[in-house]
Every structure is written in structure tokens, then in C-alpha cells.
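Student: Any chance you can model this:
(one chain, ligands or ions: 2)
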Amino acid sequence: MSNTDFTLAVEDLTVSFDGFKAIDQLTLYVDKNELRVIIGPNGAGKTTLLDLICGKTKASGGSIKFKNEELTQLDEHIRVRRGIGRKFQTPSIYENLSVFKNLEVSYPAGRSVFGALAFKCSDEVKARVQVVAEEIGLADALDMEAGLLSHGQKQWLEIGMLLMQEPELLMLDEPIAGMSARERELTADLLKRICKNRSVIVIEHDMEFVKQIAHKVTVMHQGKILAEGSMETVQADPRVIDVYLGH
Ligand code: ADP
Ligand code: MG
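Tutor: Numbering: from 1, shown residues only. Ligands and ions are numbered 1, 2, ... in the order given. All right, here's what the predicted structure looks like:
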């Protein structure tokens with residue numbers, strides 16, 4: 001496989017904050033339809049890596065290619081349009097709007113025949129809302145005010161809002177934090193479904209959850225990659241046990 005076949009190719013990526021290298025010459029490749037999980041101790045640079053990929057933080061050096069296009073000089077909103085979706089740890093849904101409205105407003109404006117301002121609910125948008133609502137398990141809650149959803153349902157709604165844009169790379173930072181056991185199970189199923197049509201990167205601490213969803217695991221430590229491979233491989237790696245799993 002050549003480098004051009006990857007959905008995401010991060011090479012020698014570095015970012016310094018006042019001389020401190022939060023990401024240090026990091027190289028990482030993610031395949032099409034791959035579900036990659038990133039683990040590692042607090043402060044390892046996991047969130048910063050996602051910030052660099054989505055454009056919230058600008059790299060000090062190195063390269064980030066998405067479908068073989070260099071991203072490092074592109075603004076965050078351009079990267080969204082190119083197909084990169086990022087879910088932050090705290091959900092940013094519109095609490096006083098219905099689930100339906102939350103999904104509807106997330107439909108990419110440029111793609112709607114009505115444009116961003118004169119927003120009308122075309123059949124096309126309605127159909128897409130229905131598909132996404134079923135995907136995230138909220139088809140029966142479309143009329144509900146989003147603020148009344150459970151914590152887990154709010155997280156799924158935010159994932160749904162990202163799916164409205166049909167991203168080819170979806171990144172999720174600790175998506176199951178605060179969820180019930182049942183919600184965790186449903187989230188694992190959801191992530192396994194959505195990576196069939198896109199690449200997904202998940203940062204997660206819960207090793208049972210990681211085991212359920214990961215195609216491959218990347219272990220980060222001090223801004224670098226400590227280990228990478230199957231769950232079994234990284235779990236048995238003495239360096240990984242030493243800096244992370246042993247604690
Ligand atoms: P993780 O998500 O793995 O816990 P982070 O990516 O949040 O780690 O942080 C990695 C390191 O970079 C930490 O030491 C953190 O304090 C530092 N850091 C992250 N963002 C900034 C920033 N904007 N300015 C300065 N330091 C930062
Ligand atoms: Mg983090």
C-alpha cells in the first residue's frame with residue numbers, strides 16, 4: 001500500500017507550546033473505513049493531535065494529508081468542508097431546539113438548494129435527518145427538545161449532527177465519558193456501524209470499550225507514538241504496561 005491510499009497520513013507532525021513539544025515528530029496512518037483508537041496517559045497529546053488534524057491548532061512542523069491533500073495550511077472550516085468531523089468532549093447541541101431541528105441545522109448549507117439563510121426543510125434534508133436519526137437511535141425522539149435527552153442521547157445527537165455532513169473522517173474525544181453501561185454498549189454498536197462508511201478516530205480510556213471497537217490501537221506518550229497494533233499486541237507490550245496500563 002502506498003501512502004496515497006490512506007484516508008489520513010500524518011507525518012513528522014510537531015507542535016510546540018512555548019518550547020514544549022506537545023506533539024513530537026509523530027507519524028500516523030489511518031486507512032479507509034478503519035476505526036482507530038488512541039490511548040495513553042493524561043497529557044500524552046491525544047487531544048492536541050485531534051486539534052491539529054481538525055485545524056483548531058496549527059502545526060509547527062510536519063504534514064497532515066487527508067485523501068492525499070495537504071491540510072496544514074487550511075482553515076478549520078475548510079477542513080470541515082473537505083470531510084473532517086470532530087466531536088469535542090462536551091456536546092454542543094442546541095438544548096432548546098428539537099432533535100429534528102438540531103439535525104436539520106447541521107445539514108451542510110452549501111449543499112441545500114435553498115442556501116444557508118433562506119433555510120427550508122426540503123425533502124432531501126428531511127430524508128437525511130431520518131436516516132441519521134435511525135443511525136443514532138433517536139428516530140422516535142425527533143420531536144423531543146434536545147435538552148430533555150439523557151446524557152448518552154445528547155452525545156449521540158452530536159454524533160448525528162456531524163453525520164449530517166457525511167464526513168469521511170470522524171474524530172471523537174472520549175465519547176463514552178459519563179455514560180451508563182447500556183449507553184456504552186449502544187455507542188460501541190453505533191461506532192462499529194458508522195465506520196463502515198468512513199474512517200473513525202476515537203480517543204478512549206475504557207479498555208473494555210476499546211477492545212470492543214478498535215481495529216487497531218495507537219498508544220501515545222509524551223507527544224510520540226509508544227506502540228501501535230492490535231489490542232492484544234499493545235496490551236502485552238511491556239512499555240505500554242509501564243506507562244499506561246499498569247496504573
Ligand atoms: P491528552 O489529551 O493526551 O490528555 P493534551 O493533548 O490535552 O493531552 O495535552 C498534551 C500536553 O500539551 C499537556 O501537557 C498540555 O498541558 C499541553 N497543551 C495542550 N494544549 C496546550 C495549549 N494550547 N497551550 C499550552 N499547552 C498545551
Ligand atoms: Mg485529552
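
Student: Phi first, then psi, for residue 36.
Tutor: Phi and psi for residue 36, reported as degrees, to the nearest 10, are phi -100, psi 130.

Student: Can you get me a residue count around it?
Tutor: By other Cβ atoms under 10 Å, the residues close to residue 36 number 23. All C-beta atoms are positioned from the backbone trio N, CA, C, and that covers glycine.

Student: On the strand side of things, show who it bridges to.
Tutor: residue 201, residue 216 (DSSP bridges).

Student: from memory it sits against residue 218, does it?
Tutor: Yes. With contact defined as Cβ atoms under 8 Å, residue 36 reaches residue 218; the gap is 6.3 Å.

Student: confidence score at the residue of the chain found nearest ligand 2?
Tutor: Closest approach of the chain to ligand 2 (Cβ to the ion) occurs at residue 47, with a separation of 3.2 Å. pLDDT recorded at residue 47 is 97.

Student: Check residue 124 too.
Tutor: The confidence metric pLDDT takes the value 87 at residue 124.

Student: List the buried residues of stretch 33-40.
Tutor: The neighbour-count check on stretch 33-40 (16 or more other Cβ atoms under 10 Å) flags 34, 35, 36, 37, 38, 39, 40 as buried.

Student: could you give the mean pLDDT of it?
Tutor: Per-residue pLDDT values across stretch 33-40 average out to 97.

Student: Could you point out which residue ranges in the protein have low pLDDT?
Tutor: Where the chain drops to pLDDT under 70, the residues are 1-4, 110-121, 247.

Student: Could you pull up the contacting residues of the residue minimising distance to the centre of the chain?
Tutor: The structure's the chain has its C-alpha centroid closest to residue 171; by Cα atoms, centre = their mean the separation is 1.2 Å. Neighbouring residues of residue 171 by Cβ atoms under 8 Å, 6 or more residues apart in numbering: 50, 53, 54, 84, 85, 86, 87, 200, 201, 202.

Student: Let me know the secondary structure of the residue of the chain closest to ligand 2.
Tutor: Under DSSP: H, G, I helix; E, B strand; the rest coil, the three-state class of residue 47 is helix.

Student: I'd like to know which residues of the protein are adjacent to ligand 1.
Tutor: Within the chain, the residues that sit near ligand 1 (Cβ under 6 Å from any ligand atom) are 17, 22, 40, 42, 43, 44, 45, 46, 47, 48.

Student: I'd say the last one and residue 58 touch.
Tutor: No. With the criterion set as Cβ under 8 Å, residue 48 and residue 58 do not qualify as a contacting pair; they are 11.5 Å apart.

Student: and for these two, which residues touch both?
Tutor: When contacts are counted by Cβ under 8 Å, 6+ apart, the set common to residue 48 and residue 58 consists of residue 15.

Student: Looking at these two now, which is surrounded by more residues?
Tutor: Applying other Cβ under 10 Å to residue 48 and residue 58 shows that residue 48 carries more neighbours, namely 20 against 12.

Student: mind giving me the domain split of the chain?
Tutor: 1-83+168-181+198-247, 96-166 (automatic domain parsing).

Student: what about the ones you listed, which gets the closest to residue 188?
Tutor: For residue 188, the closest of these is domain 1-83+168-181+198-247, at 4.6 Å, according to Cβ to Cβ.

Student: quick one: the closest one to chain centroid distance?
Tutor: Its chain's C-alpha centre and that of domain 1-83+168-181+198-247 lie 10 Å apart, by Cα atoms, centre = their mean, to the nearest Å.

Student: Strands along this structure, start to end?
Tutor: Taking DSSP state E, the strands of the chain run over residues 8-17, 20-30, 35-39, 61-66, 69-70, 84-87, 169-173, 199-203, 216-221, 224-229.

Student: Format these as TSV; extra columns: distance to residue 144.
Tutor: What follows is the strands of the chain, written out as TSV (distance: least, Cβ to Cβ, whole Å):
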stretch	distance to residue 144
strand 8-17	35
strand 20-30	35
strand 35-39	29
strand 61-66	35
strand 69-70	39
strand 84-87	21
strand 169-173	23
strand 199-203	26
strand 216-221	36
strand 224-229	41
